[in-house]
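>>> With the sequence up front, the predicted model follows.
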Amino acid sequence: MNDTQIIISVGIAEANIVIAPDLIRTSGLGSCVGAVLYDSKKEIAGLSHVLLPDSSLTRQAAFNKYKYADTAIPALVEQLIGAGARLNQLKAKLAGGAQMFQFTSNSDIMRIGPRNVEAVQAILQEYHIPVISSDVGGNSGRTIEFNPITCKMKIRKVNKMEYFI
Amino acid sequence: MEITNLTNVQKDALREIGNIGAGNAATSLSKLINKKVNMQVPSVNVVSYDEMMEMIGGPEETIAAVFFRIKGEAPGTVYFILSIEEAEFLINKMVNKQNVNLMDNSTVNELEMSVLQEAGNILTGSYLSALSDFTKINMQPSVPYLSIDMAGAILTAGILELSQLTDYAIIIDTKINHKDSANEIHGNFLLLPDPESFPKIFEALGINDHE
């Protein structure tokens, strides 16, 4: 491996892009969704750590667009195109959207994981970006790391062997 | 109210809340394990989501957490957080069983998990009831939710409500610990009031917003 390989870390409600040979990762995804968009030929990828599904939920006048699926994905697509990726070549891999606690109340905020996944899928569909693989739902946390050269997403869960999608 | 601008008086009041809650919980823990339990001075922090994860050792750190939503006049979330070793020690103390291993799926049984959940329930319950008595604010805890997983995955559940309103959380963090020669329990109580609860808490404590 390259000695100067850097792992770019993406925080909650943030997004960033990576160019080979570097890697990009985000840690401790629960109900959040980690969406990776990539252009395999250009070896460019972007990762968005989405916290909530829909920016219409916001009660802030000026909000962080990377918090919500419907605003984060367009912003990430724009960043990627700015970095040289081609919209019609973009593909996606998704992970996260777990239901961490089995809430008895059926308030909408309590099934936020599945709603985040649905929201990300919907916005990707609008852009005609195909979802190549995904590892979503369940009830455990995930740490994900994406390599823009192999286009593989490594997934780690507590007490499990790491695996790739 | 802009929550990033807490006055010193407001911070002191929140620290006092943490003190009272955790003091009561420390007494309960002391009864559970039959040992003296100490408590540290609470800290009140206004933190970003990522800073919140760092307070517990980073988003990927595996923790055992019992979590409650608080309903009523001042909604919010409260967590009782232990490291895996501490959770194992606590279970071991309560059921008198050696070699509790929470990270090995094949040996963890339902009894151990329910002991941990009940311990969290008792401790968090005493935290909340002290808080509620002191402030005269009606606080109804949900049923307890136990999870052993990555800190980021667990703690995000507590910021969903407030994240629609702000990019920061006010966390009242109180550490309690028990020390003897070989073993230690460090527990963290994290209280995260929803943003709309702060005016009610301050009002209940007789603090004016504009001080």
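In hand now; what should we look at?
>>> in the chain, which spans are strands?
No chain was given, so I picked chain A. For chain A, the strands defined by DSSP state E cover A:7-9, A:15-19, A:23-29, A:33-39, A:44-50, A:91-96, A:131-136, A:142-147, A:152-156, A:163-164.
>>> was after chain B, sorry
Counting by DSSP E, the strands of chain B are B:38-39, B:43-48, B:62-72, B:76-83, B:139-141, B:145-150, B:168-179, B:184-193.
>>> Next, format the ones you listed as JSON lines and append distance to A:Thr4, mean neighbour count and mean pLDDT.
Quick note: C-beta positions are derived from backbone N, CA and C, even for glycine. Below are the strands of chain B laid out as JSON lines (distance: least, C-beta to C-beta, whole Å; neighbours: other C-beta atoms under 10 Å in any protein chain shown; pLDDT from 0 to 100):
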{"stretch": "strand B:38-39", "distance to A:Thr4": "47", "mean neighbour count": "16", "mean pLDDT": "81"}
{"stretch": "strand B:43-48", "distance to A:Thr4": "29", "mean neighbour count": "16", "mean pLDDT": "87"}
{"stretch": "strand B:62-72", "distance to A:Thr4": "30", "mean neighbour count": "22", "mean pLDDT": "89"}
{"stretch": "strand B:76-83", "distance to A:Thr4": "34", "mean neighbour count": "24", "mean pLDDT": "89"}
{"stretch": "strand B:139-141", "distance to A:Thr4": "51", "mean neighbour count": "17", "mean pLDDT": "85"}
{"stretch": "strand B:145-150", "distance to A:Thr4": "28", "mean neighbour count": "22", "mean pLDDT": "90"}
{"stretch": "strand B:168-179", "distance to A:Thr4": "35", "mean neighbour count": "22", "mean pLDDT": "80"}
{"stretch": "strand B:184-193", "distance to A:Thr4": "38", "mean neighbour count": "22", "mean pLDDT": "81"}
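>>> on that earlier part again, with respect to chain B, which of the strands of chain A lies nearest?
strand A:23-29 (1.9 Å; C-beta to the nearest C-beta).
>>> Which secondary structure elements does the closest one sit against?
Packed against strand A:23-29 by the contact rule (3 or more C-beta pairs under 8 Å, 6 or more residues apart in numbering or on different chains; DSSP states H and E) you find strand A:7-9, strand A:15-19, strand A:44-50, strand A:142-147, helix B:151-163.
>>> The last one near chain A anywhere?
This means helix B:151-163. Yes. Judged by C-beta under 8 Å from any C-beta of the partner chain, helix B:151-163 comes into contact with chain A at B:Ala151, B:Gly152, B:Ala153, B:Ile154, B:Thr156, B:Ala157, B:Leu160, B:Glu161, B:Ser163.
>>> May I ask which of these comes out lowest in pLDDT?
Lowest in pLDDT among the residues of helix B:151-163 next to chain A is B:Glu161, which has 79.
>>> Just the local confidence number for the residue lying closest to that one once chain neighbours are set aside, please.
Nearest residue to B:Glu161, sequence neighbours excluded (C-beta to C-beta, 6 or more residues apart in numbering or on different chains): B:Asp194, at 5.4 Å. Looking at B:Asp194, its pLDDT stands at 86.
>>> Pretty sure B:Asp194 sits against B:Gly76.
Yes. Here B:Asp194 reaches B:Gly76: they are 5.0 Å apart, a contact under C-beta atoms under 8 Å.
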